[in-house]
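1. test case, fold it:
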Amino acid sequence: MEPKRMSSKMESFSSCLKPKKKWSQIVRNAAERRGISLRKTPHHLDSPSNGHNLPRKDVDPPCEKEPSNKSFLNGSKTQAEMAHTCRGTINLANAFIHTEDSCTFVITNGGTQSFHLRASSEVERQKWVTALELAKAKAIQILESDSDDDENQPDKTELVNTVNALNARFGDLSTCYDLIVKQGAAFQRALNEHEQIDSAADSTSKIKAINERATLFRIASNAMLNACSQYLKLAQNLGKRWQKLLQNEHEQRLKLEEMVEQLAKQQASLEKQARKSLHAVNSPIMENDTVPQSSDEDEFFEAVEHQVEEFSVALPYDKTHRRTGSGVSIDSLDQVLEPQSSSESDGEDNTKEARVVCAKSESSPKRTTSKDGAKCSHRRNASQDKNRQSSISESSIGQRPRVRRKAILERPNYSLNLWSIMKNCIGKELSKIPMPVNFNEPLSMLQRLTEDFEYSECLDQAARCELSAEQMAYVAAFTISSYSTTTNRTSKPFNPLLGETYECDRTDDYGWRALAEQVSHHPPMCAQYTEGRGWRLWQEFTMMSKFRGKYLQIIPMGISHLEFTKTGDHYTWRKVTTTVHNIIVGRLWVDNHGEMDITNHTTGDKCHLKYSAYSYFSRETPRKVTGVVTNSSGKAQWVLTGTWDDKMEGAQVINVDESKGKPVFETGPHRYVWKRRPPPNGSERMYYFTQLALELNEPEENVASTDSRNRPDQRLMEDGRWEEANKVKVMLEDKQRMARRRREAEAEASLSQGREYVGYEPIWFKKETDKITGNLIHMYKGNYWEYKDKQDWSMCPDIYLSSEELAAFKIS
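-> Now for the predicted structure:
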């Protein structure tokens, strides 16, 4: 009987010795099919009396073949499966194999499991024993080579033992080294003494001492060699093991990345199919490149009441803690950082809803005016600029609008793989992770924040309103308009350096001027102050950004304050969450979602805005925003509806019907309170910049030395020199780190001397307690424009690189 054939078949039944009723019959049937008859005894398998030989087709010994798992005597495919499906399995690596007589041999694990097997002859038994011994040796070899994936995951105890073993070997080396030094010094002294001996008698005794010292030195050297050999052998073995562990981790990571990317592709395909099946009327966000064009008329229009339109608005729900602008605290970080998918349903939010019935807006030549007779205009043209000049501050009267640039260098067509960078950033705070300029746009965060005022005419109109509810509607429109530039702006602005500033004086055309400064680096925070025609606005901007795998979420944390100088009305609000989708695969697209509460702390009016998250399974208009303005008693005054990327319409509430439980707001004709201007030609090739964005980084004389326009890496990127921009960016970040270390060293020195250390303080802003919210906020100190008139920038820190430093790296 051939061992090879018995091995392949007996592995299928002799390892699965299950103490069940039908086991004996199963084994007997399997054995009889191969010409073996079995007699059941407790834990024994006896060979048949007829001793039929196996067919010649399986003559090779089992050890010469490579089955899927030869380390275990069982019928399972894997070790993990073996633990659950087989009782009676013996691990060959730990098995004991011995013979009882000329035809019987026993396989046992040294415990309760024993297989008693009987062959037809002594030769056959010996072949089986030899084959099993070879299989056992192979199992031990596999175990030692650590080919099993489970062995590639060492626990902490194993790592500690490994380190302890290395330390012990290193301790032996140190001991041997000390012995060699000691014996070598003694051997050298003996030689020196022998050289100084004159008599032969003394020479004999010294030679004997030299021999003894030489023997001791040789023993110490041999011990050192043995210790080195053992240490080297252990280190090599562990090195191979660690190399395999690292290789396994690398392979697992590659598999995970491939799996995540594949899942993202599958999800993108499913989303595409879902959009097609829903037959949505509006084009999807990811395919919407165009911006609805505005009409040529720069006026608001009332509606002609030919049709009636209905929609729902969300009402504030007092029992929930929302991120309100007036609140002293915000939601816990766990709640704020809870990932929200853009495809989630909004059916479980803590808000009430009201149904709005209003006349549908249609173009009508009838022009509306506010109570003071001013035109309710939402856009700027030449005639409006003339009207603005009359309402601007006296210092700017008579100024002619400056001619500004209309375009910048087109973005180079570089192949970018955002996933290659972002896959290492999952779950991390992105504001602390340096990234190459390839994923940036040539604007800093300070300049990006200034873009909020592109539609400042909303605030100009609000300043002219006499009714507080109407004023609130225009303030709400302004907050919404600040998101219109985010539609296709998927590039990241430059993180400002500590002390970096940006001024923007647009009193000649827009009627406002703004100053922003990076006031903190950990956490990154910038403060801004803007003054316009009859209003002033100040805000802090800090954010928490988390990469969740398929999307990037940005949660603004600062509060915006707005005050109208004529009435003293003081407004506050917080920005909503912005999410960038399709980080892994597909086209990047941006969504803004969440709820915003705008509060007038002077009158008690409030406006609750709901930015609906985009959903592939919703028939709602993409990027939809709805809102309701209520007075101090909670009565609805105005309703707002529209989209944050196109336009907003408002209507005054004339009647509220609550007879059917859900409030129904009946409104008068609604009109535009804001409408987006079309982008400049070729915007898609210039980072999707609007006209204002194109002008923000235009070089300007007499600005502060810390102004973002003077930042060299940003300027190099705008000029298309990305490789040089990346080098300079690294140099600027290194310079900033060195400055921080100097401040830390100064702080330690001051503390050691018992002196109080005053840390970094912003130049143009200072921390004060906000009277409205009770929180600390950076307030504008004043005098920036006066210092600019004098061209006194001596207080500005040195944060950029000098021309000499740039020249040293051959950058001009």
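
2. can you give me the end-to-end distance of stretch 446-458?
-> Terminal residues of stretch 446-458 lie 21 Å apart, using Cα to Cα, to the nearest Å.

3. what helix or strand is the nearest residue to residue 530 once chain neighbours are set aside on?
-> In space, and not counting its chain neighbours, residue 530 is closest to residue 514: 3.9 Å by Cβ to Cβ, 6 or more residues apart in numbering. The C-beta positions use only the backbone N, C-alpha and C, and glycine is treated the same way. Per DSSP states H and E, residue 514 falls inside strand 512-521.

4. please enumerate the strands of the stretch 451-600 of the chain.
-> 492-494, 501-506, 512-521, 524-531, 535-541, 543-547, 551-556, 560-564, 570-573, 577-581, 589-600 (DSSP state E, counting those that start in this stretch).

5. what's the angle between the second one and strand 524-531?
-> Strand 501-506 and strand 524-531 are oriented at 30 degrees to each other (axes from the mean of the first three to the mean of the last three Cα atoms, to 10 degrees).

6. ok, the third one next?
-> With the same axes, to 10 degrees defining the directions, strand 512-521 sits at 160 degrees from strand 524-531.

7. who are the packing partners of the longest helix along the chain?
-> What stands out as the longest helix in the chain, according to DSSP state H, is helix 200-278. Helix 200-278 sits against helix 156-195, with contacts defined as 3 or more Cβ pairs under 8 Å, 6 or more residues apart in numbering; DSSP states H and E.

8. tell me the mean pLDDT for the helix it packs on?
-> For helix 156-195, the mean pLDDT works out to 79.

9. just the buried positions in it, please.
-> Going by neighbour count (16 or more other Cβ atoms under 10 Å), the buried part of helix 156-195 is 169, 172, 173, 176, 179, 180, 183, 187, 190.

10. would a markdown table of the strands of the stretch 451-600 of the chain with mean pLDDT and mean neighbour count be doable?
-> Output for those, formatted as a markdown table (pLDDT from 0 to 100; neighbours: other Cβ atoms under 10 Å):
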| stretch | mean pLDDT | mean neighbour count |
| --- | --- | --- |
| strand 492-494 | 93 | 21 |
| strand 501-506 | 97 | 24 |
| strand 512-521 | 96 | 23 |
| strand 524-531 | 96 | 23 |
| strand 535-541 | 96 | 21 |
| strand 543-547 | 83 | 19 |
| strand 551-556 | 89 | 21 |
| strand 560-564 | 97 | 21 |
| strand 570-573 | 96 | 23 |
| strand 577-581 | 92 | 21 |
| strand 589-600 | 95 | 23 |
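
11. distance to residue 460 for those strands - can I get that in CSV?
-> As requested, those are exported to CSV (distance: least, Cβ to Cβ, whole Å):
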stretch, distance to residue 460
strand 492-494, 27
strand 501-506, 12
strand 512-521, 9
strand 524-531, 12
strand 535-541, 8
strand 543-547, 28
strand 551-556, 25
strand 560-564, 11
strand 570-573, 15
strand 577-581, 26
strand 589-600, 18
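
12. which residues touch residue 217?
-> Residue 217 is in contact with 180, 183, 184, 186, 187, counting by Cβ atoms under 8 Å, 6 or more residues apart in numbering.

13. quick check: the two most widely separated of these?
-> 180 and 186 (10.8 Å; Cβ to Cβ).

14. how is this structure divided into domains?
-> For the chain, automatic domain parsing gives the domain ranges 3-145, 156-275, 308-725.

15. so where's the stretch 701-812 of the chain shaky on pLDDT?
-> 812 (pLDDT under 70).

16. in the sheet, who's paired with residue 777?
-> residue 768 (DSSP bridges).

17. number of nearby residues for it?
-> Residues near residue 777, counting by other Cβ atoms under 10 Å, number 21.
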